[in-house]
Structure formats: C-alpha cells, structure tokens
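Asks: Return a 3D structure for these sequence lines:
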Amino acid sequence: MATWGNTLTLDSSSPLMEQLIFFHDHALSILLMITALVGYLMASLFYNNYTNRFLLEGQTIEMIWTILPAVTLVFIAFPSLQLLYLIDEINNPLVSVKSIGHQWYWSYEYSDFKNFEFDSYMIPSNLLNNYNFRLLDVDNRMALPYNSQIRLIVTAADVIHSWTIPSLGVKVDATPGRLNQASFLINRSGIFYGQCSEICGANHSFMPIVLESISADAFIKWIINMSEN
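Replies: Next up, the predicted model:
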C-alpha cells in the first residue's frame, strides 16, 4: 500500500470513498462466491468417474441458473444505484471552488471570497526540498476546511483533463466549454494528493493536484492571507 504524504492511497478520507470501498468489498464477495461455485461444478465434472445428468439438463437446473444470476444482479444493482445517486447528489455547499485545467497545470478560483485565484504548478525536481514528493508536490496548494460540504466546479481551457483525488473518491472530467461539478465532504485533516487522470498531452503526468484539509479557523486565516497577497 503506497503512501502519498500522510494519506494512504487506499484509506478513505470522505464518506463517499467509504461507500465506494464498501461497494467494492460487497461486489468482490459476490464474485468470490460465484467463482467458488463454478470452480466446484467444473472440478466435479472433470474428476468424477460419472457425469451427474442433473447438472447438464433438466427443467429444475435451467430454472436455477436463470433465476440465480438475476437475483445476484439485483444484489449488485441496488448498492450500485444508491452509490450513483450519492455521487451525483449536490448538497448545500459551504465552500465552492472552481478548478480549471490547463496544459499542464491547474488554476483555482475561490469566488465566494473576494474572487481571488491562483495557479498551481508542479515543483520541478531541482527545486524540491527534503519534505517534498517528486512529481506530486505543487508550489500553491489548494486549501479546504474539513467537516464542511464542498462544491467543486471543474472545466478546462484547452483539452480534456480530469481532476482526481483517489482518497476522496472524487474524479471529475474537465471539459472545455462545459462546467462539471462534484460535491464531497472531507472527514479529517491532512494533505491529499492526486493527478490528472485523462491523457491530455505530452506533460500529462506533470500536473499533480494537492489539497490541504485544514480546520475552519485555519481556512479563514488562509483566505485572508491569500486575499491580501
């Protein structure tokens, strides 16, 4: 399990990611049961001295292998539909941030607070400090308060990008001429790393995303400091 900053890439940092992990485990358990059942049936056909005709023909077995997959799909579909609803649900946001993808960097606009904006470039390898992560750290991190509903508005200025932070369960396409949005809540403080996950050109792998989750008081101080600068 790789570690990016103080955030495990497979550790959930939002309720949405917790639901995604739960659905993954739920679907995987169903797949394991299907694999075990089919493996047992195939092994019994290969290694038994006789073939059980009940497994090959008959109205009963045909009903079973028609109804059982349908029931299995229902158990997968209901949690999946609930998760899709949660992903698209937009609650009343406390903070709205607009992220614009460029070749090859991100810019952020905090229109709720005096409409200030800044660009976020990857730190070159020759300028890294000992505490920086190569190809992951940026010169200007975006900051957001934890335990607050966040609305992220994403677009692009040139080609299609994708704003992605795995530990938050957020992945939004940045499409030129279109505004896409996502709503999420960060449930703890920390530094969360992500990258553009859409192949957007030669320097696609050199436009990382760094989000710093801080308290509401620290966020207000950060807003005041950024506005003055």
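
Asks: Spatially, what comes nearest to the spatially most central residue of the chain if we skip its sequence neighbours?
Replies: The centre of the chain sits closest to residue 169, judged by Cα atoms, centre = their mean, with a distance of 2.7 Å. If the residues on either side of it in the chain are set aside, residue 169 comes closest to residue 17, at 3.4 Å by Cβ to Cβ, 6 or more residues apart in numbering. Any C-beta I mention is one placed from the backbone N, CA and C, and that applies to glycine too.

Asks: Quickly find the element holding the one you found.
Replies: For residue 17, the element it lies in under DSSP states H and E is helix 15-47.

Asks: where does this protein have low pLDDT?
Replies: When residues are selected by pLDDT under 70, those of the chain lie in 1-10, 48-57, 229.

Asks: try 50 this time
Replies: Within the chain, the stretches falling below the threshold (pLDDT under 50) are 1-9.

Asks: Contacts only, for residue 143.
Replies: With contacts defined as Cβ atoms under 8 Å, 6 or more residues apart in numbering, residue 143 is in contact with 211, 212, 213, 214, 218, 219, 222.

Asks: Mind doing that once more with 7 Å?
Replies: When the contact criterion is Cβ atoms under 7 Å, 6 or more residues apart in numbering, the partners of residue 143 are 212, 214, 219, 222.

Asks: For the residues you listed, which single residue is the most surrounded?
Replies: residue 219 (20 neighbours; other Cβ atoms under 10 Å).

Asks: is it true that that one lies in a strand?
Replies: No - checked against DSSP: H, G, I helix; E, B strand; the rest coil, residue 219 lies outside a strand; its state is helix.

Asks: which residues does residue 147 contact?
Replies: The neighbours of residue 147, taking Cβ under 7 Å, 6+ apart as the test, are residue 187.

Asks: For residue 70, see how far away it is.
Replies: 42 Å (Cβ to Cβ, to the nearest Å).

Asks: Could you tell me which of the contacts of residue 143 belong to strands?
Replies: With strands identified by DSSP state E, the entries of those that belong to them are 212, 214.

Asks: hmm, which two among the contacts of residue 143 are most spread apart?
Replies: In terms of Cβ to Cβ, these reach their longest pairwise distance at 212 and 219, which sit 9.5 Å apart.

Asks: Beyond the helix or strand harbouring residue 64, next helix or strand please.
Replies: Under the criterion of DSSP H and E, residue 64 resides in helix 59-88. Sequence-wise, the next helix or strand beyond helix 59-88 is strand 95-102, with elements assigned using DSSP H and E.

Asks: So which residues make contact with the following helix or strand past that next one?
Replies: Following the chain from strand 95-102 toward its C-terminal end, the next helix or strand by DSSP H and E is strand 105-110. For strand 105-110, the external contacting residues (Cβ under 7 Å, 6+ apart) are 97-100, 115-121, 142, 207, 209.
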